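>>> here is a sequence with its predicted model. Questions after.
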Amino acid sequence: MRAISSALLAMLATSQTCLSFIAPHPSIPQNPVTSSSLQRNDRHRSTHIFMSTTETSAVGKPGTADLPWSELGFEFRPTKSHLRMVYRDGKWGEEELVESPYINVHIGATALHYGQACFEGLKAFAHADGSVYMFRPDENSKRINNSCKRIMMPEIPMEKFIKACNDVVKDNIAYVPPYGSGGALYLRPLLFGSGPRIGLQPADEYTFIILVIPVGDYYKGGLAKPVKGIIVDDYDRAAPKGVGAAKVAGNYAADLVPNMEAKKKGYPICLYLDAATHTYVEEFSTSNFIGIDNKSNKYVTPRSPSVLPSITNKSLQTIARDEGMTVEVKDVHIEELSGFDEVVACGTAVVVTPVGSLTRFDETGEEVAMYEFSEDVGETTRRLYDKVRGIQNGEIEDKHNWNFKVQ
């Protein structure tokens, strides 16, 4: 976060006409958080304050929409509104809530021609007392801005990003799955170049939207029986100095063909290796790789400039350290796969997907290697999953202040 002068900090902290996300300065007394502030989990007050231009009204009750809450999957469903905000003439405009699910885009938009687009994914959860919390939106703010830097798009100030997330959840509060249903409201922030350019250059206008979707457990019951994975050799996910570490749209389009080919062979998940040598583990199609060595009490995940930094992985690493595990972020040679008792793919949608085996084939289609892991959901996988879900649902102490209350 940029340093803020004491005078400006004092002005922001007391102003009724601005929105601010600010850390307290040691020389400035902090005002109590009011009902118009957006704050982190009440039980562990954050040092951050959000101030709205208007007094915040009651949020409303989650889960009142007429939906089959126990039957939700991970798929698109219409909701009340999405949020929209446009960057033009060097500044961000006001946010607006739009009920139509359609958007007009110029035929020359850079997103259409040059793929100038990035997105995020996060969730909001209902707690037992009827309140709703978003899980780590500050981290999503940091990550989308890193993506923006990589493909020359304007950054979204953190206070604007989190305020926008808060407001779209609040407007769609009826679609937040009720506590105990196992579901969540999935937020998909998306930023794309909407201004026309035919020559290769950044756009002069950008559109930011956040759509929301009620989703259930990715797999029925929360954790599925371990799936079979395939090691991909015919394709690469990202180049070593490319955009693999940014959450840009094109990274996912590149996975469509190998993903569909793998599923036709009976493998629901693909594991990519480094593009330069095909000897080091990178990540799964849409998820980070985690290897668990129970004998050594180790949590291992690859270090690579081509891997997207997962907020779920970051959270699980913290939990693992809290529980006394050794967390190693390092180059993971493919032969090290044989040393793991459990392997999981982790991401926002599923939290963790246990992987029971990984198979590698040569160019003729002959199997050349198979690495087998736990046949059932591993003990460590289950424990880490239960812990992060418990924090998200407000059932376990949120000692790291990851939950942001919607107000």
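That came through, no problem.

>>> residues in contact with S374?
P226, D341, E342, P354, G356, T381 (Cβ atoms under 8 Å, 6 or more residues apart in numbering). Bear in mind the C-beta positions are built from the backbone N, C-alpha and C, glycine included.

>>> tell me where the stretch 201-350 of the chain has strands.
Assigned by DSSP state E, counting those that start in this stretch, the strands in the stretch 201-350 of the chain fall at 205-215, 227-232, 269-273, 281-284, 288-293, 298-302, 326-330, 342-347.

>>> pull up the pairing partners for the last one, direction included.
Right, the one you point to is strand 342-347. Sheet pairing of strand 342-347 (DSSP bridges) gives strand 288-293 (antiparallel), strand 351-361 (antiparallel).

>>> quick one: which of those strands is nearest N166?
In terms of Cβ to Cβ, the element of the strands paired with strand 342-347 nearest to N166 is strand 351-361, at 22.6 Å.

>>> right, and the helix or strand after the closest one?
Next helix or strand after strand 351-361 toward the C-terminus (DSSP states H and E): strand 367-372.

>>> show me where the chain has its helices.
Listed in chain order, the helices of the chain (DSSP state H) span 6-14, 110-114, 137-150, 158-171, 249-253, 256-264, 311-322, 379-392.

>>> could you look over the strands paired with strand 342-347 and pick the most buried one?
strand 288-293 (a mean of 24; mean count of other Cβ atoms under 10 Å).

>>> who touches it?
271, 281-283, 298-302, 307-308, 310, 312-313, 316, 332, 336-337, 339-347, 352, 378, 380-381.

>>> hmm, which of the residues you listed are the buried ones?
271, 281-283, 298-302, 307-308, 310, 312-313, 316, 332, 336-337, 340-347, 352, 378, 380-381 (16 or more other Cβ atoms under 10 Å).

>>> average pLDDT across stretch 380-393?
Stretch 380-393 shows a mean pLDDT of 97 in the predicted model.

>>> re the thing from before, so which of the contacts of S374 comes closest to Q201?
Set against Q201, the nearest of those by Cβ to Cβ is P354 (45.1 Å).

>>> about what we covered before: could I get the contacts of S374 as a markdown table with distance to I396?
Shown next, in a markdown table, are the contacts of S374 (distance: Cβ to Cβ, whole Å):
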| residue | distance to I396 |
| --- | --- |
| P226 | 25 |
| D341 | 25 |
| E342 | 21 |
| P354 | 21 |
| G356 | 28 |
| T381 | 17 |
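
>>> quick one on the thing from earlier: quick one, which of the strands of the stretch 201-350 of the chain is nearest to I198?
Nearest to I198 among the strands of the stretch 201-350 of the chain is strand 205-215; the distance by Cβ to Cβ comes to 14.7 Å.

>>> tell me what angle that closest one forms with helix 158-171.
Strand 205-215 and helix 158-171 are oriented at 40 degrees to each other (axes from the mean of the first three to the mean of the last three Cα atoms, to 10 degrees).

>>> strand 205-215 packs against which elements?
Judged by 3 or more Cβ pairs under 8 Å, 6 or more residues apart in numbering; DSSP states H and E, the packing partners of strand 205-215 are strand 82-88, helix 158-171, strand 184-193.

>>> among these, which comes closest to D398?
strand 184-193 (15.7 Å).

>>> pick out the residue nearest the middle of this structure.
G121 (3.8 Å; Cα atoms, centre = their mean).

>>> could you export the strands of the stretch 201-350 of the chain to TSV, including columns for distance to L97 and mean pLDDT?
Shown next, in TSV, are the strands of the stretch 201-350 of the chain (distance: least, Cβ to Cβ, whole Å; pLDDT from 0 to 100):
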stretch	distance to L97	mean pLDDT
strand 205-215	10	98
strand 227-232	38	97
strand 269-273	36	97
strand 281-284	35	97
strand 288-293	33	98
strand 298-302	38	98
strand 326-330	40	98
strand 342-347	28	96
